[in-house]
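Requesting a structural model of the entry that follows:
(chains A, B, C and D)
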There are 2 protein chains.
Amino acid sequence: MLSIGKLSGLTGVKVPTIRYYEQIGLLPRPERNDGGQRIYDNTSRERLNFIRHARELGFPLDDIRELLALSDDPAQSCEAIDAIAKRQLAEVEHRLVRLNALHKELERMVEQCTCGTVQTCRVIQVLGDHGLCGTDHRKMMLPDIDQECLK
Amino acid sequence: MLSIGKLSGLTGVKVPTIRYYEQIGLLPRPERNDGGQRIYDNTSRERLNFIRHARELGFPLDDIRELLALSDDPAQSCEAIDAIAKRQLAEVEHRLVRLNALHKELERMVEQCTCGTVQTCRVIQVLGDHGLCGTDHRKMMLPDIDQECLK
DNA sequence: GCTACATCCTCTAGTGGCTAGAGGTTCAAG
DNA sequence: CTTGAACCTCTAGCCACTAGAGGATGTAGC
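Just a heads-up that it's a prediction; the model follows:
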């Protein structure tokens, strides 16, 4: 019914990404035509829409894999699904807190810059000396820089 | 003066990360003792603190590299530095807007889940059909999922 | 001096979620 | 029948690390 390009256009997921999802087993291997090209139906399209929407909401692919598996069994309780969604919500909230702290600090730093010489540059001073920070963003991410939260 | 482990302890930057920074030219190659082990002084320590602090504020390593280069010339105007900081601020603000939208949507989704069966699960329904979304988070990120903002 | 054992060294490979490109095949329109 | 877009597979690259193998060195106690 649908070539990979058409599917891409309909879902907004790029062609190489669709092939990647197939490769990692997130999408089932579709049928092929005589020339060996992939052909998709509406089921694939729905599945891909689901994946895309979940990605937009920041779910990692592993969670999406699990959500897809769970959604294939409509009679089951949705507790597990709910748990994944709540975990993602907590994750996003955590990132928001962190990002707000970064924002505050960056704003303060930029505001204080009077744009003179490097010697007196507030940005350089603040970066070099954490003591000049207004907020205690460091405490929030010790012991290590929480890379996930910076994202 | 300082072994790599001591430097790591003092700055909060992990040992392999320090070596990685050296490898990519962010930190200069330090002297070595007779056994070939790295020895650092306070200059390295300050530089590494600078890097760490900038990383905490979300600056990419390439920007940090530039900031370090600029800060080495104290008489120059700090315009370029200011520009980098402002760019980073804008970046963080962009992420905040996006993350807030995600948060709203996730919260709505989780709230609406009555925790019945998968069949009636609001989470699955919403993920499968963007029309059920409250906010128009999709419009904000078209044409592609803006991965940088999800971070 | 000897024995543990922590710390150090280099090197390679893996993470997530794609993206880019090479080098070739197939399809659809005119 | 030709042209050119779209498709195929495969490998490598992105960021900023992190993990682990396999071995060398440093240090503390006896």
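
SS state for the residue positioned nearest the centre of chain A?
Centroid-nearest residue in chain A: A:G58, 3.7 Å away (criterion: CA atoms, centre = their mean). State at A:G58, reduced to three classes by DSSP: H, G, I helix; E, B strand; the rest coil: coil.

quick one: which helix or strand includes the spatially closest residue to A:V15 that is not a sequence neighbour?
Nearest residue to A:V15, sequence neighbours excluded (CB to CB, 6 or more residues apart in numbering or on different chains): A:S8, at 4.8 Å. No exception for glycine: its C-beta is placed from N, CA and C like everyone else's. Using DSSP states H and E, A:S8 maps to helix A:4-11.

any weak-confidence spans in chain A?
Counting by pLDDT under 70, the ranges of chain A that qualify are A:130-131, A:134-151.

OK, contacts around A:V13?
When contacts are counted by CB atoms under 8 Å, 6 or more residues apart in numbering or on different chains, A:V13 touches A:7, A:21, A:48, A:51-52.

if we can go back for a sec, buried residues of the helix holding A:S8, list them for me.
Within helix A:4-11, the residues that count as buried by 16 or more other CB atoms under 10 Å in any protein chain shown are A:4, A:7-8, A:11.

next one: stretch A:34-48
For stretch A:34-48, burial by neighbour count (16+ other CB under 10 Å) applies to A:38, A:40, A:44-45, A:47-48.

Quick check: the residue of chain A nearest DNA strand C.
Here chain A gets closest to DNA strand C at one residue, A:G35, 2.1 Å apart by CB to the nearest atom of the strand.

On the three-state scheme, that residue is what?
Per three-state DSSP, A:G35 ends up coil.

Chain A: helices as residue ranges?
When assigned using DSSP state H, the helices of chain A occupy the ranges A:4-11, A:15-23, A:42-56, A:61-71, A:79-112, A:122-128, A:137-141, A:147-150.

ranking the ones you listed by burial, who's on top?
Comparing the helices of chain A by mean neighbour count (mean count of other CB atoms under 10 Å in any protein chain shown), helix A:122-128 comes out on top with a mean of 22.

What about the nearest residue to A:E22 once chain neighbours are set aside, how many residues nearby?
In space, and not counting its chain neighbours, A:E22 is closest to A:R29: 6.1 Å by CB to CB, 6+ apart. Each residue near A:R29 was counted by other CB atoms under 10 Å in any protein chain shown, and the total is 9.

State the distance from A:R29 to A:R47.
13 Å (CB to CB, to the nearest Å).

Make sure A:L99 is actually in contact with B:R95.
Yes. Proximity of A:L99 to B:R95 meets the contact threshold set by CB atoms under 8 Å, at 6.0 Å.

Distance check, the residue nearest to A:E22 against A:K104.
According to CB to CB, A:R29 stands 49 Å off from A:K104.

With A:I64 instead?
A:I64 is 33 Å from A:K104, by CB to CB.

check contacts around A:Q76.
A:Q76 is in contact with A:70, B:117-118, counting by CB under 8 Å, 6+ apart.

Please see if stretch A:36-56 touches DNA strand D.
Yes. Using CB under 7 Å from any atom of the strand, stretch A:36-56 reaches DNA strand D at A:36-38.

Once you drop chain neighbours, what's closest to the one residue in chain A that gets nearest to DNA strand D?
In chain A, no residue comes nearer to DNA strand D than A:G5, which is 2.3 Å away by CB to the nearest atom of the strand. Of all residues not flanking A:G5 in the chain, A:V15 sits nearest, at 6.2 Å (CB to CB, 6+ apart).

My read is that the one you found contacts A:I4, right?
Yes. In this structure, A:V15 is within contact of A:I4 by CB under 8 Å, at 5.5 Å.

coming back round to it: what are the contacting residues of the helix holding A:S8?
With contact meaning CB under 8 Å, 6+ apart, helix A:4-11 is reached by A:2, A:13-15, A:18-19, A:37-38, A:40, A:44-45, A:48-49, A:52.
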